[in-house]
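1. I'll drop the sequence and a predicted model, then ask my questions.
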Amino acid sequence: MTRWPLSPWQPRSVLNAVNLSTPLGLLVGVAGRVRFRRGPRGLVLGTGYRLPVPVASAFTVGDVVLTKHGPELFEERPRLLAHEERHAWQYAASLGLPFLVLYLLAAGWSWLRGGDPVVHNPFERLAGLADGGYPALSARERRRRAAAGRPRSA
């Protein structure tokens, strides 16, 4: 029996299950040999991820948040978990698997614009750069500013 009203995250979890992004996240977690546990607000946390890609402290597929680190990562960095939860909402808003294509396009745009896949990526910006542990300036801008601070050699 469903209790009413629903929690705000429950529609997201249902959408991400139906649009197949959460099942895909579980498959990615199994492939990465993670240990699963229930997380807050309908998230599934997978720790001990062993595949070499993607290179990130944590990443989300549907309602599944995966990390190569142990469960203490989310306890020590609650803002990171909030960042990853925003990505779960982005999966729901993008109708699931199309999010992966949209994210890759946005990462490519960010790379062209700033030399890294994150800073100019609208999905990362909307999820909160600082919460995800990302710098506010692109790699290109950081190099430019570092070069401007160095004396020119003759």
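-> All right, it came through fine.
2. residues touching the nearest residue to residue 49 once chain neighbours are set aside, list them.
-> Distances taken as Cβ to Cβ, 6 or more residues apart in numbering place residue 32 nearest to residue 49, at 4.1 Å, with adjacent residues excluded. (C-beta placed from N, C-alpha, C; glycine too.) By Cβ atoms under 8 Å, 6 or more residues apart in numbering, the residues touching residue 32 are 46, 49-51, 66.
3. Can you tell me how far the residue nearest the centre of the chain is from residue 107?
-> What sits nearest the mean C-alpha location of the chain, by Cα atoms, centre = their mean, is residue 59, with 4.0 Å. From residue 59 across to residue 107, the span is 12 Å (Cβ to Cβ, to the nearest Å).
4. ditto for residue 83
-> For residue 83, the distance to residue 107 - Cβ to Cβ - is 16 Å.
5. Who has more neighbours out of those two?
-> Higher neighbour count among residue 83 and residue 107: residue 83, with 22 against 18, using other Cβ atoms under 10 Å.
6. Does that one lie in a helix or a strand, and which?
-> helix 78-93 (DSSP states H and E).
7. Quick one: the helices in this structure, in order.
-> 10-18, 21-31, 72-76, 78-93, 98-114, 122-127, 139-149 (DSSP state H).
8. I appreciate the help and will end here.
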